[in-house]
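Novice: The amino acid sequence is not available; the structure is as follows:
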């Protein structure tokens, strides 16, 4: 790294145009490497991760939620929510989220039907 370049000569003898052109060489190499890395590494990894997440989630959803067990530490609320009946969260899902103190809504309906 003595400041000598085979194509342009010593750095002290280079004019501004040669310096600018010389400095573009590493940036072009860097650009090409990142472009290749993006399209041939990151895009396939992103697609593979998405497919893996889809497979795992479908496997997870293939069976129902776990049985409802009314644990006291999971049902502690300082006050009710300001919407609906106050026991269901804003993003409550009738099938996957139990209502504190009551259990799953769909299990209650099945028990009433029997």
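Specialist: Great, that's in hand. All values derive from a computational prediction rather than experimental measurement. Numbers count the residues shown, from 1 in each chain.
Novice: Dihedrals phi and psi, residue 99?
Specialist: phi -90, psi 130 (degrees, to the nearest 10).
Novice: And the nearest residue to it once chain neighbours are set aside, how far from residue 53?
Specialist: Leaving out its chain neighbours, the residue that sits closest to residue 99 by Cβ to Cβ, 6 or more residues apart in numbering is residue 87, at 5.1 Å. All C-beta atoms are positioned from the backbone trio N, CA, C, and that covers glycine. Distance of residue 87 to residue 53, given as Cβ to Cβ, to the nearest Å: 31 Å.
Novice: so who does the residue nearest to residue 99 touch?
Specialist: 77, 80, 81, 99, 100, 101, 102 (Cβ atoms under 8 Å, 6 or more residues apart in numbering).
Novice: Check the offset of the longest helix along the chain from the chain's centre.
Specialist: Using DSSP state H to define each element, the chain has its longest helix at helix 16-37. Put simply, helix 16-37 sits 32 Å off its chain's centre (Cα atoms, centre = their mean, to the nearest Å).
Novice: Quick one: mean pLDDT for that helix?
Specialist: Averaging pLDDT along helix 16-37 gives 78.
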